[in-house]
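*Asks:* Quick one, what's the 3D model for this:
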Amino acid sequence: MGLFLQDEGPCGVHGIQRDIVRDRTWRCKLDKDLTYIDDLDIAKKRVLIRVDFNVPLDEKGNITDDTRIRSVLPTINYALDEGAKIILASHLGRPEGKRVPSLSLVPVAKRLSRLLEKEVKLAPDCIGPEVEKIVNEMKPGDIVLLENLRFHPEEEQNDDSFGEKLGRLADVYINDAFATAHRAHASNVAVTKYVDTVGAGFLMKKELTYFSRALENPVRPLVAIIGGKKISDKVGVLVSLCEKVDKLVIGGGMALTFFKALGYEIGTSFCEDQALDKANEVIKKARERKIKLFLPVDFVVADKFSPSAETKVVTYQEIPKDWMALDIGPATVTLFAEAIQNAKTIIWNGPMGVFEMDAFSRGTFAMVSNVANSYAMTIVGGGDTDVAVHRAGEYAKMSYISTGGGAFLDLLQGNDLPGIVALKKKAAKAASWEHKRIEDHA
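*Replies:* Numbering: from 1, shown residues only. Next up is the predicted model:
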């Protein structure tokens, strides 16, 4: 018997990916009014590309996953083919406005040089006379990577002066950092005021195109799977999805908040007591929209939060008072597999449990396998979900894995992304100037 919430409480082909990088035949509401790099004349020009090289590093400063670097190679290679002078700008980690040597982009410059088989020079800073001198001496085809933007507090403050200093370096500005597009920072908002020509890169286009296909005109049934720990971070997303999806599957720690809101014992499981009303709001919205809201029917519970904890599987009605739920159980895995069986579009954000510990990883990895082997277009987003997909070895079977976490959630919620809004405003202003120029010469 399936557990889903409808009118009464708890009861019971992978598509072939088409290369959309340079495809102008597909336009969507999300990327309406955006100009892309291949629409612009960038030959021999200084092109400042905002990228997201916020890659994970080990304790020795080695890159452990270079996916975010590889994801912008199409944009960089296109600029190289056009003979542009390429200036790359990124942040790394959270240095909080201070120069932190361990968060230098040195390892990124080395990895990018190997991937491109071409020297990538690392500038000593991202603004200032020395950087301007390096940029002014560039030749067509040269690549300079600016040092960590967040070594300056003005970056996260969206400081106009800082944006103007970045703008001095460029004739053309390209934003290809989808993962930071939900942040109003100087390198993706303020800078657009000080560069005459702006546009987006191919990664940005790919992200927006897949989201549009999933949310604006999806092939149905459309199923959303939302996991993770906190409902407070995602309540807006859940309410918004109730307007769009046919089925909503909820797992992870946030499911326990739902069960407590419904009056069930959850033991010492993580719960956001301040979010109980929000959970009820989602339940009410799902009932109003008559969509199927699936919750777990069983859990893997433990006597403590530890890899060595004693564990057992119990139903959602039987969680002991002094135990905690840390993963979905086998019956839930079967239920959720059935929920997505006939899906044509699947959106997934958030793991099903504490998958970092082996004893509580089976639910998440089973979900990865079920989504990967479905006959749906599958879009996966969020850092933890991305990690789980990679660890399970199912990366190649997903239609698309988003590079954004917060930006992914903001789009699901229907929010505008400041980095994209800034590009559109600049494009609209440029179009207005061009229209006036034509009228003046008519």
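
*Asks:* rest of the way, CA atoms for contacts and neighbours
*Replies:* OK.

*Asks:* Endpoints of stretch 229-236, how far apart?
*Replies:* Chord length of stretch 229-236, first to last residue, is 15 Å (Cα to Cα, to the nearest Å).

*Asks:* Mind checking the pLDDT average for it?
*Replies:* Per-residue confidence for stretch 229-236 averages out to 82 on the pLDDT scale.

*Asks:* The chain should start at 56 in everything you say after this.
*Replies:* Got it, first residue is 56 now, which makes that one stretch 284-291.

*Asks:* quick one: buried residues of that stretch?
*Replies:* By neighbour count, with 16 or more other Cα atoms under 10 Å as the criterion, the buried positions of stretch 284-291 are 284-287, 289-291.

*Asks:* tell me the two of the residues you listed that are most distant?
*Replies:* Longest distance between any two of the buried residues of stretch 284-291 is 15.0 Å, between 284 and 291; criterion Cα to Cα.

*Asks:* What about the closest residue to residue 300 other than its chain neighbours, how many residues nearby?
*Replies:* Excluding its sequence neighbours, the residue lying closest to residue 300 (Cα to Cα, 6 or more residues apart in numbering) is residue 277, at 5.1 Å. Per other Cα atoms under 10 Å, the neighbour tally for residue 277 reads 22.

*Asks:* I'd say residue 277 and residue 400 touch.
*Replies:* Yes - under the contact definition of Cα atoms under 8 Å, residue 277 touches residue 400, with a separation of 4.8 Å.

*Asks:* Give me the common contacts of these two.
*Replies:* Residues touching both residue 277 and residue 400 (Cα atoms under 8 Å, 6 or more residues apart in numbering): residue 269.

*Asks:* Please enumerate the helices of the stretch 206-355 of the chain.
*Replies:* Along the stretch 206-355 of the chain, counting by DSSP state H, counting those that start in this stretch, helices occupy 208-211, 215-222, 257-270, 290-296, 309-316, 331-344.

*Asks:* ok, and which of those has the densest surroundings?
*Replies:* Highest mean neighbour count among the helices of the stretch 206-355 of the chain (mean count of other Cα atoms under 10 Å): helix 309-316, with a mean of 24.

*Asks:* how close does the nearest residue to residue 298 once chain neighbours are set aside get to residue 302?
*Replies:* What sits nearest to residue 298 in space, not counting adjacent residues and going by Cα to Cα, 6+ apart, is residue 344, at 7.0 Å. Computed as Cα to Cα, the residue 344 to residue 302 distance reads 11 Å.

*Asks:* hmm, back to that, is it possible to get a markdown table of the buried residues of stretch 284-291 that adds distance to residue 152?
*Replies:* Rendered in a markdown table, the data for the buried residues of stretch 284-291 read as follows (distance: Cα to Cα, whole Å):
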| residue | distance to residue 152 |
| --- | --- |
| 284 | 29 |
| 285 | 28 |
| 286 | 30 |
| 287 | 28 |
| 289 | 28 |
| 290 | 31 |
| 291 | 30 |
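
*Asks:* Show me the helices in the stretch 56-205 of the chain, by range?
*Replies:* 122-125, 128-136, 161-171, 184-191.

*Asks:* tally of neighbours for residue 172?
*Replies:* The number of residues packed near residue 172 is 9, by other Cα under 10 Å.

*Asks:* Which among the helices of the stretch 206-355 of the chain is found nearest to residue 470?
*Replies:* Proximity to residue 470, assessed across the helices of the stretch 206-355 of the chain by Cα to Cα, is greatest for helix 290-296 (9.7 Å).

*Asks:* Which strands or helices does the closest one pack on?
*Replies:* The contact analysis (3 or more Cα pairs under 8 Å, 6 or more residues apart in numbering; DSSP states H and E) places helix 290-296 against helix 331-344, helix 461-468.

*Asks:* hang on, isn't residue 252 packed against residue 225?
*Replies:* No - Residue 252 lies out of contact with residue 225 (Cα under 8 Å); the separation is 9.2 Å.

*Asks:* Look at these two and report which has more neighbours.
*Replies:* Neighbours were tallied for residue 252 and for residue 225 using other Cα under 10 Å; the higher tally belongs to residue 225 (25 against 21).

*Asks:* Now do the contacts for the more buried one.
*Replies:* Listed by Cα under 8 Å, 6+ apart, the contact set of residue 225 reads 100-103, 142, 250.

*Asks:* out of the residues you listed, which are inside strands?
*Replies:* Within those, residues falling in strands by DSSP state E are 101-103, 142.

*Asks:* Could you say which of the residues you listed is surrounded by the most neighbours?
*Replies:* residue 103 leads the ones in strands among the contacts of residue 225 on contacts (other Cα under 10 Å) with 28 neighbours.

*Asks:* Surely that one and residue 231 touch.
*Replies:* No - shown here, residue 103 and residue 231 do not form a contact pair, counting by Cα under 8 Å, at 10.3 Å.

*Asks:* which residues of the protein score low on pLDDT?
*Replies:* Confidence mapping of the chain against pLDDT under 70 gives the ranges 56-87, 484-497.

*Asks:* And it, split by domain according to the record?
*Replies:* Listed by automatic domain parsing, the domain ranges of the chain are 59-69+263-468, 92-255.

*Asks:* Any idea how far the first one is from the middle of the chain?
*Replies:* The gap between where domain 59-69+263-468 is centred and where its chain is centred comes out at 17 Å by Cα atoms, centre = their mean, to the nearest Å.

*Asks:* got it, and the shortest one?
*Replies:* Using Cα atoms, centre = their mean, the distance from the centre of domain 92-255 to the centre of the chain it belongs to is 19 Å.

*Asks:* What's the local residue count around residue 329?
*Replies:* By the measure other Cα under 10 Å, the count of residues near residue 329 is 10.

*Asks:* Reformat the helices and strands packed on helix 290-296 as CSV; add distance to residue 191.
*Replies:* Compiled in CSV, those are given as follows (distance: least, Cα to Cα, whole Å):
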stretch, distance to residue 191
helix 331-344, 54
helix 461-468, 34
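
*Asks:* Compare these and give me the one nearest residue 257.
*Replies:* For the helices and strands packed on helix 290-296, the distance to residue 257 is smallest for helix 461-468, at 16.4 Å, taking Cα to Cα.

*Asks:* With just CA atoms, put that closest one into PDB.
*Replies:* These are the backbone C-alpha positions of helix 461-468, laid out as PDB (Å, rounded to 0.1, in the frame of the first residue of the first chain):
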ATOM      1  CA  GLY A 461      20.800  27.800  -4.100                       C
ATOM      2  CA  ALA A 462      20.200  28.900  -7.700                       C
ATOM      3  CA  PHE A 463      18.500  25.600  -8.500                       C
ATOM      4  CA  LEU A 464      16.100  26.000  -5.500                       C
ATOM      5  CA  ASP A 465      15.400  29.600  -6.400                       C
ATOM      6  CA  LEU A 466      14.400  28.700  -9.900                       C
ATOM      7  CA  LEU A 467      12.200  25.900  -8.600                       C
ATOM      8  CA  GLN A 468      10.500  28.400  -6.400                       C
END
